[in-house]
Structure formats: C-alpha cells, structure tokens
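In: Sequence first, then the predicted structure:
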Amino acid sequence: MTLKRALLAATILAAPLVAPLAASAQPVTGLYIGLGAGANWINNPSKFDLSGSSTPGNFGLPNNVTIDNAGKANFKTGWGGVGSLGWGFGNGFRAEIEGNFRENEVDSIRGFNLAPIGRTGGFQRTYGVMANVLYDFDFANFGLGQSIFQPYVGVGAGYAWTEWRNIRGQSNAPGRGGAVLYANDTDAQFAYQGIVGVGTPLTWLGVTGLTLTAEYRFMGTLQPELFTTIRSPTNNQIGAAGKIQADNYNHSVMLGLRYALFQPPPPPPPVAVAAPAVAPAPARTYLVFFDWDRADLTARAREIIAEAASNAGRVQSTRIEVAGHADRSGTPAYNQRLSQRRADAVAAELVARGISRNEIAVTAYGESRPLVPTADGVREPQNRRVEIVLR
C-alpha cells in the first residue's frame, strides 16, 4: 500500500464519523490524553554505512574509513502507535509528552558483497519518547467562520531506540558459501518528527472534549549503530562483524482519539436577534357606515373618525376628502341629499376632533358609486357609507 493510498483510506474511514457532526472545533484547554494507530512506512531503500574504528573487527576497515551505501534494505508496510499526555493553553498552542512504537518487517537486503541475498527476515522496531509542540488553527481567525474541522501542525524531539530483531539474510553469491548476515541489536539515538493533522469534535456522542484525529507523521533518528555479523551457515562461525550505521526515516498515517479532560462545553450557537417590529403605516382610507335612512353617527362610527383625525397628523395629511354615499332603496334625489347629510356629519365630527374645516373637502355622490352593485330599491348596508381619505 502506498502512502497516497493510505491517506485516501484514512479519509474514507473517517468520513462516516464526521458526517453527523454539528459542533464547531474549539482550541484545546487544559489536560488531555491522546491515542493513535495506523500504517508505517520506512523510507525505502534504507541505506547502510560502514565506518572503521580503533576497535578491531569492524568489518576489517581501518580507523576513520567510511563506506557509504555498503548495503541497503527494503521494508514492508508496517504499523505504528502513539500515546500522548498534554496540555492545551486555550489559544491554539499545545505541549505534550509522547510515547511511540513502530514495527516493519524486512522485505529484502542487498549489498555487503553478498548479493543476491535470499531467505531474508526479521523486524526493525523503533520506540521512544518525544516532547511535542503543536498549534491548532482556528478558521474563524482567518475570517472563514466556524468549522467542524481544525487542522494542526507540530514538531517534536526526543530519544528513540532502534531495534533490529533477528534481521537475517543468506547469500546466494558464488564463492560466498551461503554466508548468513545476521543482526539482533538495539541502539538509541536523538529523534525528531513533524506532524500534520486535522481534528473534528465528536460532541454529538455526548462527550465534551472528545476529538477524532487523522494525521501524517514523519519521524527520523540519527543513524543507529547496530552490531551485525556474517557467519558460516555450517558451523555458525563468525567470518566478519561490526556495527552498521543504518538510516531510520519513518512515514506514518494514523487515526486517533484525543480527549480533553476539562474542556469547557462549546458556546451555544448565536441567537439571531429579531429586528424590532416596524409599526404598520397608518391607514389613509377609512369607511364610516350608517343605519338605513339615517345620518347620525354610531359609537363605532365616532371611533373610526377619531382614528382618522389622529392619524391625519402622523401622515402629515394636507387635505382630507370626505365622500358621502347611499344605497338604492330611495329615489336618486333623496339619496343625494341623504349622502350629503352623512358627509356633513362626518366632517363636523372631524372638526370636533381638532381638524381644521379648511382642510376638509366634502362631496356627496348619492347612490351613483355603490361599494356593492345592486338592483334599484335594494337596501345594501355597505353602500350606506362615508369614505374618509387622507391626502
């Protein structure tokens, strides 16, 4: 499996868990613990160097003589895991102590004048302790709004042990008598790493502070020196021996969980403040209705006229039109006079409510403009009216 395919697989595996999330990511605050595991690749091919020393037996090399690329090895895809204990400062920065472990099986070995080499086997294991500093990015700080994803980066340094566990291979080269390369040793060196990842909260599970993480890690060490022998396959007699300086570069893709023990709950979503209701604009047309064959004002009619008089000032009216109407239950001449009396009664009430008579225009239409068309002689209540219009 290639590194590109593993990254894609990690994304696909994480997608179903991420889909139902709703809470936005928050900076980690306080104590947290983290666990992660995934695939690990050693940077193939891993290069082996030989260096002579004042101690006799280092493959017979003179002191201070170095042979670069004396041999190489390829390793199969392996696995790795990390556990961390850290502290979040609430501003994006985190500091943590990490323990880690990685293991890869040998796939092939070449070089050392033993090629071709068959019957290879064994494992390379790397485990150590690192101190990391990380920073979580908040999209809101970049004007992108809240997000359920929170990318982060980090660097770390520490001490790691590289173990060659029963690493072996047998030469098939002519004249080498099937010599066996064998190493079973451990050496510790300074280690360093870089981290790129993304977290997304799992608060939908009901646990505040729980976060799913997906990350890539590069971890390397200074070259460990691992004691290696070349032996006879018949009597196991050592023909040559010494320390091999091996490259150790690891690429890891991991999924994990991080739990902040004292993470404050996420803030509630902002509540949209309703805009104050706009007061409806005052009406400009009012209808005052009358009983049959009457021109006197009812109590309800006086309320309507009072409202019209009050709103005349609010709408800055400069002219008030008062138009009287009648139904068709009488003669046209009679209805004309009746509509006039109704209009005059309304105008008088407006004046009583503070409206200047000079602002009022009175018109009588008799039965000529019915609100509801009817046959002659029909008593229609909606036609017995006065219309007040604020201009």
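Out: That came through fine.
In: Give the burial count for residue 27, as a bare number.
Out: Neighbourhood size, residue 27 [other CB atoms under 10 Å]: 18. C-beta: built from backbone N, CA, C; applies to glycine.
In: Could you list the low-pLDDT ranges of this structure?
Out: Within the chain, the segments meeting pLDDT under 70 span 1-24, 53-56, 142-143, 145, 266-270, 278-283.
In: now the helices: where do they sit in it?
Out: Along the chain, counting by DSSP state H, helices occupy 3-18, 299-314, 332-352.
In: Tell me what angle the second one forms with helix 332-352.
Out: Between helix 299-314 and helix 332-352, the angle comes out at 60 degrees (axes from the mean of the first three to the mean of the last three CA atoms, to 10 degrees).
In: Identify the bridge partners of the residue nearest to residue 287 when sequence neighbours are not counted.
Out: Take residue 287 and drop its neighbours on the chain: the residue closest to it by CB to CB, 6 or more residues apart in numbering is residue 385, 5.4 Å away. Counting by DSSP bridges, residue 385 forms beta bridges with residue 289.
In: quick one: contacts for residue 385?
Out: 287-290, 324-325, 342, 371 (CB atoms under 8 Å, 6 or more residues apart in numbering).
In: And residue 364, by the same measure?
Out: Residues counted as contacts of residue 364 (CB under 8 Å, 6+ apart) are 323-324, 336-337, 339-340, 342-343.
In: Could you count how many residues lie near the residue nearest to it when sequence neighbours are not counted?
Out: With CB to CB, 6+ apart as the criterion, residue 364 has its nearest non-adjacent residue at 3.8 Å, and that residue is residue 340. Neighbour count of residue 340, defined by other CB under 10 Å: 18.
In: now residue 152: how far from residue 358?
Out: Residue 152 sits 79 Å away from residue 358, going by CB to CB, to the nearest Å.
In: In terms of neighbours, single out the busier of these two.
Out: Neighbour count, other CB under 10 Å: between residue 152 and residue 358, residue 152 has more, with 19 against 7.
In: Grab the nearest non-local neighbour of the more buried one.
Out: That would be residue 136: by CB to CB, 6+ apart, it lies 4.5 Å from residue 152.
In: The contacts of residue 364: which two are farthest apart?
Out: Of all pairs drawn from the contacts of residue 364, the one with the longest distance (CB to CB) is 323 and 337, at 14.9 Å.
In: which of these two has more neighbours?
Out: Legend: neighbour count by other CB under 10 Å for residue 323 and residue 337, higher for residue 323 (19 against 16).
In: hang on, that one packs against residue 365?
Out: Yes. Between residue 323 and residue 365 there is a contact under CB atoms under 8 Å: 6.1 Å.
In: re earlier: now, which of the contacts of residue 385 sits nearest residue 127?
Out: Using CB to CB, residue 287 comes nearest to residue 127 of those, at 91.9 Å.
In: Domain parsing of this structure, as residue ranges.
Out: 3-260, 285-390 (automatic domain parsing).
In: Would you mind stating the distance between residue 47 and residue 121?
Out: If you measure residue 47 against residue 121 using CB to CB, the figure is 20 Å.
In: from the middle of its chain, how far away would stretch 84-99 be?
Out: 21 Å (CA atoms, centre = their mean, to the nearest Å).
In: Span of that stretch from start to end?
Out: 6 Å (CA to CA, to the nearest Å).
In: what's the answer for stretch 349-358, then?
Out: 14 Å.
In: Report the buried residues of it.
Out: For stretch 349-358, burial by neighbour count (16 or more other CB atoms under 10 Å) applies to 349-350, 355.
In: Adding distance to residue 271, write the residues you listed out as TSV.
Out: Converted to TSV, these look like this (distance: CB to CB, whole Å):
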residue	distance to residue 271
349	48
350	47
355	46
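In: Report the contact partners of the residue nearest to residue 152.
Out: 25, 27-28, 88, 92-94, 150-152, 199.
In: at 10 Å instead, please
Out: 25-28, 88, 91-94, 150-154, 197-199, 211 (CB atoms under 10 Å, 6 or more residues apart in numbering).
In: which of these are buried?
Out: 25-28, 88, 92, 94, 150-152, 154, 197-199, 211.
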